[in-house]
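predicted structure and sequence below. I'll ask about it afterward.
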Amino acid sequence: IGPQNAYVLRQGLRHQHVGAVSTTCFLSDALLIALGVLGVGQVIADNSLLKMALGWGGVGFLLWFACKSAMSAIKPEALTSEDMEKSAEGIKGRGVSVAVMHALAFTFLNPWVYIDTMVLVGGVSVKYSTETTRLMFLLGACTASGVWFYLLGYGAKKAAPMFKKPITWRILDSVIT
């Protein structure tokens with residue numbers, strides 16, 4: 001999973017602003033998918049300067065995220081019942097606006113989100129020749145995105161007991177790309 005999905009999962013495990021974070025990621029993906037289906041992905045693919053800027057910006061973001069994940073994998077922290085209580089009460093200074101801003105950063109600073117949503121999904125939509133079939137494809141892709149983010153966020157609650165063990169965090173942090 002990538003940085004955006006990892007953030008949604010972590011918020012779900014901590015029971016912290018799951019609805020707001022899942023909705024932010026879903027709406028952001030829906031916007032990018034729509035732009036890809038409408039042809040913006042092709043514009044990015046054709047503009048070498050824009051591709052280079054997005055690429056290098058993404059390299060910086062992914063390096064930072066990789067270092068953070070590696071440090072977490074080396075020294076994992078278990079999700080304790082005290083953490084769960086703090087999250088349920090809401091940690092001071094970590095309001096919903098901060099969670100939404102993090103979700104936006106993990107979405108729009110991640111170069112893979114553009115490749116996945118605008119270039120790949122947008123590219124697949126080209127095979128649909130009529131407006132109606134492209135619209136149906138767009139609605140299907142957006143629906144799948146919504147289902148994914150809400151299941152990931154709210155489904156994490158079921159997985160929370162596994163994350164009381166540091167090894168589980170180590171494994172998660174090791175597979176995040």
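Looks like it arrived, so ask away. Numbers count the residues shown, from 1 in each chain.

shouldn't residue 157 be in contact with residue 16?
No. Using Cβ atoms under 8 Å as the test, residue 157 is too far from residue 16 to be in contact (11.2 Å). Bear in mind the C-beta positions are built from the backbone N, C-alpha and C, glycine included.

which helix or strand lies directly C-terminal to the strand or helix carrying residue 146?
Applying DSSP states H and E as the criterion places residue 146 in helix 131-159. Later in the chain than helix 131-159, the nearest helix or strand by DSSP H and E is helix 166-175.

tell me which residues in that next one are buried?
Buried residues in helix 166-175, counting neighbours by 16 or more other Cβ atoms under 10 Å, are found at 168, 169, 170, 172, 173.

which helix or strand in this protein has the lowest average pLDDT?
Comparing every helix and strand of the chain by mean pLDDT, DSSP states H and E singles out helix 81-89 as the least confident one, with a mean of 49.

which elements pack onto the helix holding residue 146?
With contacts defined as 3 or more Cβ pairs under 8 Å, 6 or more residues apart in numbering; DSSP states H and E, helix 131-159 has these neighbours: helix 3-13, helix 18-37, helix 122-125.

and the first one, what does it pack against?
With contacts taken as 3+ Cβ pairs under 8 Å, 6+ apart, helix 3-13 sits against helix 18-37, helix 48-74, helix 96-108, helix 131-159.

winner for burial among those?
The highest mean neighbour count among the helices and strands packed on helix 3-13 belongs to helix 18-37 (a mean of 21), with neighbours defined as mean count of other Cβ atoms under 10 Å.

kindly export that helix (C-alpha atoms) in CSV.
In CSV, the C-alpha atoms belonging to helix 18-37 read as follows (Å, rounded to 0.1, in the frame of the first residue of the first chain):
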residue,chain,number,x,y,z
VAL,A,18,-11.9,8.1,10.1
GLY,A,19,-14.9,9.6,8.3
ALA,A,20,-13.3,12.9,7.5
VAL,A,21,-10.0,11.3,6.3
SER,A,22,-11.8,8.6,4.2
THR,A,23,-14.1,11.2,2.7
THR,A,24,-11.1,13.5,1.9
CYS,A,25,-9.2,10.7,0.2
PHE,A,26,-12.3,9.5,-1.7
LEU,A,27,-13.3,13.0,-3.0
SER,A,28,-9.7,13.7,-3.9
ASP,A,29,-9.4,10.5,-5.9
ALA,A,30,-12.8,11.1,-7.5
LEU,A,31,-11.6,14.5,-8.7
LEU,A,32,-8.3,13.1,-10.1
ILE,A,33,-10.1,10.2,-11.7
ALA,A,34,-12.6,12.6,-13.3
LEU,A,35,-9.7,14.7,-14.6
GLY,A,36,-8.0,11.7,-16.0
VAL,A,37,-11.2,10.5,-17.8
